[in-house]
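quick one, structure for this:
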Amino acid sequence: MFDFGSPEDTAALRWGLHISEDGPGVLDIHWEEMNEEELLNLFVYLYIAVREAVRDDAPQPVIDIFLAQYDEVFEALAHASDEFRDSVRSGKHSIVLGYAEEHREKYFKLAGLTP
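Predicted structure coming up:
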C-alpha cells in the first residue's frame, strides 16, 4: 500500500479499508461509550490493523497510531471482560507484537494483572 499525506491520513485510509470489509462493523462512537461486545469487535479490527501495518512495513508513525488505539481498547476490554482478562492471564491471548517478554509484561500490566 502506498502512503500519502500525514501518518494520520495514512492511518485513516488504512482504517477505512479494514472496517469496510465483511464483519460486524464498528460503531462511529468513542470506545468509552461501547459495551463489551462492541469493544471486542473494535479490538479485533485494531488487532488486524496493527498486524497488517507491521506486515506491510507501514511507516512507524502509522503503526504507532494504531498501536496506541489498540492499547487503549485492550485495557478497556480487559477491565470490562473477565473472560478476556482470563485469556490474557492464561496465555491464550495472541499478543499483537509477538510473545517477547517485554510485550507480555506490557499487556499483563495493561490488563491489571501485575502490580
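
give me the pLDDT for the residue nearest the centre of the chain.
Among the residues of the chain, Y70 comes closest to the average C-alpha position under CA atoms, centre = their mean, at 2.7 Å. Y70 carries a pLDDT value of 97.

just give the nearest non-adjacent residue to it, would you?
L46 (4.2 Å; CB to CB, 6 or more residues apart in numbering). Just so you know, the C-beta spots here come from the backbone N, C-alpha and C atoms, and that holds for glycine as well.

pretty sure the one you found sits against F66.
Yes: L46 is within contact range of F66, at 6.4 Å (criterion: CB atoms under 8 Å).

mind exporting stretch 28-40 as PDB, just the C-alpha atoms?
Provided in PDB are the C-alpha atoms of stretch 28-40 (Å, rounded to 0.1, in the frame of the first residue of the first chain):
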ATOM      1  CA  ASP A  28     -19.000   5.500  15.000                       C
ATOM      2  CA  ILE A  29     -18.700   6.400  18.700                       C
ATOM      3  CA  HIS A  30     -15.800   6.700  21.100                       C
ATOM      4  CA  TRP A  31     -14.700   3.400  22.600                       C
ATOM      5  CA  GLU A  32     -15.500   4.600  26.100                       C
ATOM      6  CA  GLU A  33     -19.200   4.600  25.100                       C
ATOM      7  CA  MET A  34     -19.100   1.000  23.800                       C
ATOM      8  CA  ASN A  35     -20.400  -2.100  25.600                       C
ATOM      9  CA  GLU A  36     -18.300  -5.200  25.900                       C
ATOM     10  CA  GLU A  37     -19.300  -6.800  22.600                       C
ATOM     11  CA  GLU A  38     -18.700  -3.500  20.700                       C
ATOM     12  CA  LEU A  39     -15.300  -3.200  22.400                       C
ATOM     13  CA  LEU A  40     -14.400  -6.700  21.400                       C
END
